[in-house]
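K.L.:
let's see this in three dimensions:
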Amino acid sequence: MRDRELDEAFELGRTCALAAECGRDLRGCAQMYAGLFPGAAFDGDFFSSLTLATAFSAPWVRADRLKVANRAALWVTAVERLIDRAAATREQVERLTRECLSVAEGAVPRSPATRFLADLRDELATAADFGDLRGVWRDQLDRTLAGMATAWMWRDTNTVPTLARYVDNADSRGSCFVDLSHWIYTADDWARAHLEELCAVSRQVQRYLHLLGDVASYRRDLSWGDLNVLALGVDSVDVAAAMAELARAAERRIGPVCAHSPRTASYLRRRLGFQAGVTGISDYQRVT
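P.N.:
Just a heads-up that it's a prediction; the model follows:
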């Protein structure tokens with residue numbers, strides 16, 4: 001019992017040290033893109049939360065190999081903020097989308113957001129198979145940006161989507177883009193050869209995280225005027241039932257992955273479990 005507790009404490013401490021090392025890299029990275037990360041929105045707590053989530057999702061990976069996942073998550077948050085807070089017209093959203101997709105295909109960046117994306121692209125290009133995987137990465141980037149644009153349009157036009165439509169737009173969260181970037185950079189041979197299949201699993205996890213994040217941030221979202229599933233006229237019991245089913249569906253998809261790539265399966269499960277733990281919402285039925 002004592003030895004098991006010591007081993008558990010050691011692993012927790014090592015993972016926290018990993019997150020701290022990742023945090024130093026991420027804060028330095030943010031300083032490179034002037035104006036994209038204002039201190040009021042991206043404070044120390046933000047960077048700590050982001051790197052803790054990544055470190056506890058893949059504690060077996062060195063900090064220098066986790067940097068792509070961390071930077072992809074940071075980029076997603078910055079672009080989401082630009083669309084939510086800075087974009088005043090649909091043309092501005094569409095222009096940002098076009099510029100990002102062009103940079104993903106190799107164009108020269110012309111703004112801090114696209115320069116950050118170009119640097120992420122170039123880091124991914126150091127992975128041996130990125131030339132073959134660039135199309136998959138670009139397609140997921142497109143899905144992420146399209147999801148953010150759809151959310152912007154719903155808010156701008158006061159559209160109230162159904163629960164099903166809202167869940168289907170979970171690519172706006174960007175976690176699948178982060179997962180894919182991480183796998184291109186660090187995955188084992190089986191995972192790298194099956195990225196499109198893994199993206200389907202990641203999207204299922206993403207749907208659950210989409211609702212979980214809304215439940216956790218409901219009051220903040222209301223204060224900002226952001227979209228939130230609990231502000232769409234959906235009964236909280238229906239949201240709870242949807243989350244429970246999404247979690248079960250995610251596990252059904254993760255299970256078969258374990259036979260081929262146990263660490264990839266563990267990463268996806270940890271993505272679910274860590275976020276539930278951080279929010280304190282492991283079962284939404286408890287808070288309805």
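
K.L.:
which other helices and strands contact the one helix or strand A17 maps to?
P.N.:
Counting by DSSP states H and E, the element that carries A17 is helix 2-30. In terms of contacts (3 or more C-beta pairs under 8 Å, 6 or more residues apart in numbering; DSSP states H and E), helix 2-30 is packed against helix 44-57, helix 63-81. Glycine gets a C-beta too; all of them are placed from N, C-alpha and C.

K.L.:
how far away from the center of its chain is the last one?
P.N.:
Right, helix 63-81. Here the centre of helix 63-81 is set off from its chain's centre by 8 Å, with C-alpha atoms, centre = their mean, to the nearest Å.

K.L.:
contacts for the helix or strand following that helix?
P.N.:
For helix 63-81, the following helix or strand on the C-terminal side (DSSP H and E) is helix 90-104. Residues from elsewhere that reach helix 90-104, judged by C-beta atoms under 8 Å, 6 or more residues apart in numbering: 79, 82-83, 86-87, 107, 109-111, 113-114, 117-118, 121, 134, 137-138, 141-142, 145-146, 148-149, 152-153, 156.

K.L.:
next step: those restricted to helices.
P.N.:
79, 113-114, 117-118, 121, 134, 137-138, 141-142, 145-146, 148-149, 152-153, 156 (DSSP state H).

K.L.:
weed out the non-buried ones from those.
P.N.:
The neighbour count (16 or more other C-beta atoms under 10 Å) marks 79, 113-114, 117-118, 121, 134, 137-138, 141-142, 145, 148-149, 152 as buried among the ones in helices among the contacts of helix 90-104.

K.L.:
what's the most distant pair in those?
P.N.:
Spanning the widest gap among these are R134 and W152, at 26.6 Å by C-beta to C-beta.
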